[in-house]
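K.L.:
I'd like to go over a predicted model; first the sequence, then the structure.
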Amino acid sequence: MLLKVWNWYQKCLSVNPVKTQVISSAVLWGIGDLSAQYITHSAANNRLQLSLSGSDAKFRVNWNRLAVTSMFGFGFVGPVGHLWYEGLDKFIRLKLQLMPKSVRFVATKVAMDGIIFGPLHLFVFFTYMGLCAGKKLPQVKEDLKRNYVPALILEGGVWPVVQVFNFWYVPVKYQLLYVNLFCLLDSAFLSWLEQQKDAPWKKWFASFDSTNEKGGEC
């Protein structure tokens with residue numbers, strides 16, 4: 001069964017690469033958000049030690065949030081990710097003329113991905129989710145201050161390792177799919193991060209970022 005699905009995916013990817021990446025990104029981000037919702041629900045019940053019974057304690061899918069997250073995969077991750085991984089590979093091979101699969105080739109890809117695409121992805125994600133939740137721009141800005149730096153630092157310790165394997169072993173046309181599979185876990189992490197609100201450890205990140213900004217002023 002899995003082999004048939006994989007063969008079907010490969011065929012679609014060869015015929016309509018962008019369309020396939022867009023749809024698969026939407027599906028995988030939807031699944032990731034569904035998992036995140038369930039994890040958040042379970043964690044909240046455990047934390048509050050609720051003793052609800054019947055329908056009150058039953059997990060209910062937030063279909064609006066699921067649709068919003070899927071659209072993020074559809075409208076941003078799919079098309080932008082496809083262009084990014086294809087363009088990044090061509091730029092490093094043709095412009096920088098680095099040998100594919102070499103240490104410098106992979107290291108340059110990982111560095112550019114972490115410096116350019118990673119921060120952009122998080123910025124667009126938090127901004128988009130905030131606006132879709134009906135928040136005003138000042139509220140979205142506050143959410144970015146609270147969540148962006150912690151997410152950037154924590155994910156910065158994980159994604160480079162993920163991307164080393166991706167850029168070294170995974171063919172370019174499958175790299176976005178590989179990343180989206182890890183985003184199943186990433187969406188759960190980002191959901192958990194959002195639920196932490198103004199946790200003390202977040203304030204430490206915020207104070208660290210403020211110190212750097214003051215020190216870097218001209």
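P.N.:
On my side now, so go ahead.
K.L.:
where exactly do the helices run in the chain?
P.N.:
Along the chain, counting by DSSP state H, helices occupy 2-15, 17-48, 63-72, 78-90, 103-112, 118-132, 137-156, 159-169, 172-195, 200-215.
K.L.:
residue 96: which of these is closest?
P.N.:
Residue 96 sits nearest to helix 103-112 of all those, at 6.7 Å, using C-beta to C-beta. (Each C-beta comes from the backbone N, C-alpha and C, glycine too.)
K.L.:
and the closest one, what's buried?
P.N.:
Residues of helix 103-112 classed as buried under the neighbour-count rule (16 or more other C-beta atoms under 10 Å) are 105, 106, 108, 109, 110, 112.
K.L.:
low pLDDT regions in this structure?
P.N.:
Applying pLDDT under 70 to the chain flags residues 47-57, 188, 190-218.
K.L.:
mind redoing it with 80?
P.N.:
Along the chain, segments meeting pLDDT under 80 span 39-57, 184-218.
K.L.:
still on that earlier bit, I'd like the helices of the chain as JSON lines, with distance to residue 96 appended.
P.N.:
JSON lines is the format used below for the helices of the chain (distance: least, C-beta to C-beta, whole Å):
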{"stretch": "helix 2-15", "distance to residue 96": "27"}
{"stretch": "helix 17-48", "distance to residue 96": "24"}
{"stretch": "helix 63-72", "distance to residue 96": "31"}
{"stretch": "helix 78-90", "distance to residue 96": "10"}
{"stretch": "helix 103-112", "distance to residue 96": "7"}
{"stretch": "helix 118-132", "distance to residue 96": "20"}
{"stretch": "helix 137-156", "distance to residue 96": "23"}
{"stretch": "helix 159-169", "distance to residue 96": "14"}
{"stretch": "helix 172-195", "distance to residue 96": "16"}
{"stretch": "helix 200-215", "distance to residue 96": "30"}
